[in-house]
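J.: Structure for this input, please:
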Amino acid sequence: MNSKNSFNNWLNKFLDELDQEKQENVEKIWTEAKRTDESQKVSVSEEEKDKVFATIASQTGIDTDTKDKDDEPKPTKIRTLNWRWIAAAATIVIAAGLSYLAIPVQYSASYGEMATVTLPDQSTVTLNSGSSITYNRLFNLIDREVSLEGEAYFEVENRNLPFIVHTSNATVKVLGTSFNIRSWKDSPVPETSVLLTEGSLAFYPTEKPDKSVILEPSQKSSLKNIDGIPEQPFDVSKDKTLAWMNNQFAFENVPLIQIIREIERRFDLNIQVEPKEVLFDTLTIYYNNKVDADQIVQDICQSKALKYRKINGGFIIENKR
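T.: Residues are numbered from 1 along each chain as shown. Here you go, the predicted model:
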């Protein structure tokens, strides 16, 4: 079997079985794969390609043989197509683009800055300072899945494909809606919290989708690694949760270490806290207007009977003597 001819014949049969939208998606995959440069090309042997064609045939029912079969009845129309599997199989046999397609797309917001990203499906993601999202190069073709580290506000376009956000310990699944997710890996206790502002969403532990909760607008839920089950959604003030988007600052009954780390990210500073035990004291803090780091640090020290001094690029917080 000549693998090149096999693939061309298979591709033609494959396209014939798809509706126009899915045919266009295949063309997009093909175009994306061709964008690889020489350094990203990989070698796929004829034997490996033959194995892929055989698997395609068994999975889809599409005949990949190149032999003339005019005297045989044509195969019946395929009733169902595992589109995600076929798309993956198609990219496997596009040897030149395999490595390129495996390289994820990543966007980050630097410390001291926020960033807004428009995804290929026209959904938008606003990233808080120090946050990042990644997604695969076939986003909006075979899936709409992103991974988040940090905090971000999502405004998701309504599409047939579900929009899925993965964090270190949780998953959020929607079709079209707006919501905020906060999930920092460096938190004392790994936690993902979600606030829904519009639409609806399912929120669940990544490994336990059967433990999901459904949020309604203005509701919040959190999931900690301690028990691995999301808390029941409850009503909250959207203004406080989304304060960061307006350069405001709001935390309610959280360990001081989380507030310190947020100040470091938000203002691109380094803050040293000498009495380490104070880092795990809880604190509620809210500024409904734009505030600078000096003011926040000063108020923290006043509430905890501490003092601070400026250093190059940040502060030192210490006990009063």
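
J.: which stretches of the stretch 201-321 of the chain form strands?
T.: 201-205, 213-215, 219-224, 234-235, 249-255, 270-273, 282-287, 306-311, 314-319 (DSSP state E, counting those that start in this stretch).

J.: Direction-wise, compare the last one with strand 306-311 and give the angle.
T.: The directions of strand 314-319 and strand 306-311 differ by 150 degrees, with axes from the mean of the first three to the mean of the last three CA atoms, to 10 degrees as the criterion.

J.: what does the third one give?
T.: An angle of 80 degrees separates the directions of strand 219-224 and strand 306-311 when computed by the same axes, to 10 degrees.

J.: What residues of strand 219-224 count as buried?
T.: Counting neighbours by 16 or more other CB atoms under 10 Å, one finds that the buried residues in strand 219-224 are Gln219, Lys220, Ser221, Ser222, Leu223, Lys224. Yep, even glycine has a C-beta here, placed from its N, CA and C like the rest.

J.: Now render the residues you listed as TSV, adding distance to Val146 and pLDDT.
T.: Below are those laid out as TSV (distance: CB to CB, whole Å; pLDDT from 0 to 100):
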residue	distance to Val146	pLDDT
Gln219	22	96
Lys220	20	96
Ser221	19	96
Ser222	20	95
Leu223	18	94
Lys224	22	87
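
J.: Specify which member of these is nearest to Val236.
T.: When the buried residues of strand 219-224 are compared for distance to Val236 (CB to CB), Lys220 wins out at 4.4 Å.

J.: Starting from the helix or strand hosting Val125, tell me the next helix or strand along the chain.
T.: For Val125, the element it lies in under DSSP states H and E is strand 124-127. Heading C-terminal from strand 124-127, the first helix or strand you meet, by DSSP H and E, is strand 132-135.

J.: Using CSV, list the CA coordinates for that following strand.
T.: What follows is strand 132-135, C-alpha atoms only, in CSV (Å, rounded to 0.1, in the frame of the first residue of the first chain):
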residue,chain,number,x,y,z
SER,A,132,-1.8,32.8,32.4
ILE,A,133,-4.0,30.7,30.1
THR,A,134,-3.0,28.0,27.6
TYR,A,135,-5.0,26.2,24.9
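
J.: what helices or strands is that strand leaning on?
T.: Counting contacts by 3 or more CB pairs under 8 Å, 6 or more residues apart in numbering; DSSP states H and E, strand 132-135 packs against strand 105-108, strand 144-155.

J.: I'd like to check what contacts the last one. Which residues are they?
T.: In other words, strand 144-155. Here strand 144-155 makes contact (CB atoms under 8 Å, 6 or more residues apart in numbering) with 109, 119, 121, 123-128, 130-136, 139, 159, 161-168, 177-185, 242, 244-245.

J.: now swap in stretch 293-305 and tell me
T.: Contacts for stretch 293-305 (CB under 8 Å, 6+ apart): 249, 256, 259, 263, 266-267, 269, 271, 278, 281, 283, 285, 287, 306-308, 315, 317, 320.

J.: how about a cut-off of 10 Å?
T.: If you take CB atoms under 10 Å, 6 or more residues apart in numbering as the criterion, stretch 293-305 is touched by 249, 256, 259-260, 262-264, 266-269, 271, 273, 275, 278, 281, 283-285, 287, 291-292, 306-308, 310, 314-320.

J.: Can you go through those and name the buried ones?
T.: 249, 256, 259-260, 262-264, 266-269, 271, 273, 278, 283, 285, 291, 306, 308, 314-315, 317-318.

J.: any idea how this structure splits into domains?
T.: 3-102, 105-237, 247-319 (automatic domain parsing).

J.: least reliable of those domains going by mean pLDDT?
T.: Mean pLDDT per stretch puts domain 3-102 lowest among the domains of the chain, at a mean of 53.

J.: do you know how far Ala106 is from Met245?
T.: If you look again at residue 106, you'll see it is Gln, not Ala. Taking CB to CB, to the nearest Å as the measure, Gln106 falls 21 Å from Met245.
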